[in-house]
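Q: next comes the sequence, and after it the predicted model I'd like to discuss.
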Amino acid sequence: MAAANDTATLGPLDSFVGYHMRRASARMSVDFHAAMAETGIRQVVFGVLSVIAANPGINQGQIGKVLGIQRANMVSLIGELTDAGYVSRTTSPEDRRAFVFQLTDRGAAAFADGLARIRLHEDRLLRDLSVGERETLVALLKRIQASGAD
């Protein structure tokens, strides 16, 4: 039975990292969508743009691997980005059967706009963390991600 003054507690749930990560992720996701609403760019699409921006000439398989996106899903994402005019594809000089990707001018502009919006979004939600705490948080999250790698 909850306390009369509505101060129910989470009980043991409050000690689970996964619970707090899920709640924080949900909060970040809602704010991300609000920050990017005018652009029509989803998180996964921005991720692909970011990888291509950082690695011009990258192939579809490499993009999927670095982002953990399955091959079938990459096909539709690349189609979406080329249809939007954000990326161009050319035949790979190493493997004539494969395509490599780079941002178009439109894609570079969309990426730069999205990056600015995401920085504001993260600054807003992480304003109570110091730069060092943010760096520590990212480092810890990367360690958790790596612990599941096969």
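A: Everything's here; your move.
Q: from now on I want contacts and neighbour counts done on CA atoms only, so please keep to that.
A: Fine.
Q: burial of the residue nearest to His33 when sequence neighbours are not counted, as a residue count?
A: Nearest non-adjacent residue to His33, counting by CA to CA, 6 or more residues apart in numbering: Arg42, 7.3 Å away. Per other CA atoms under 10 Å, the neighbour tally for Arg42 reads 13.
Q: check what pLDDT Arg42 gets.
A: On pLDDT, Arg42 comes in at 94.
Q: helix, strand or coil for Gly40?
A: What DSSP: H, G, I helix; E, B strand; the rest coil gives for Gly40 is coil.
Q: residue contacts, it?
A: Applying CA atoms under 8 Å, 6 or more residues apart in numbering to Gly40 gives no contacts.
Q: pull out the buried positions in stretch 100-117.
A: By neighbour count on 16 or more other CA atoms under 10 Å, the buried set for stretch 100-117 is Val100, Phe101, Gln102, Leu103, Thr104, Gly107, Ala108, Ala110, Phe111, Gly114, Arg117.
Q: let's see which of the residues you listed end up in helices.
A: Within those, membership in helices is found for Gly107, Ala108, Ala110, Phe111, Gly114, Arg117, as judged by DSSP state H.
Q: of all these, which comes closest to Val66?
A: Comparing these against Val66 with CA to CA picks out Phe111 as the nearest, at 18.0 Å.
Q: grab the nearest non-local neighbour of the closest one.
A: Spatial nearest neighbour of Phe111, excluding adjacent residues (CA to CA, 6+ apart): Leu49 at 6.5 Å.
Q: turn the ones in helices among the buried residues of stretch 100-117 into CSV, including distance to Gly85 and pLDDT.
A: Formatted as CSV, these follow (distance: CA to CA, whole Å; pLDDT from 0 to 100):
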residue, distance to Gly85, pLDDT
Gly107, 7, 97
Ala108, 10, 98
Ala110, 10, 97
Phe111, 12, 97
Gly114, 16, 97
Arg117, 20, 97
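Q: tabulate those (CSV), appending distance to Asn55.
A: CSV is the format used below for those (distance: CA to CA, whole Å):
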residue, distance to Asn55
Gly107, 14
Ala108, 13
Ala110, 16
Phe111, 14
Gly114, 18
Arg117, 21
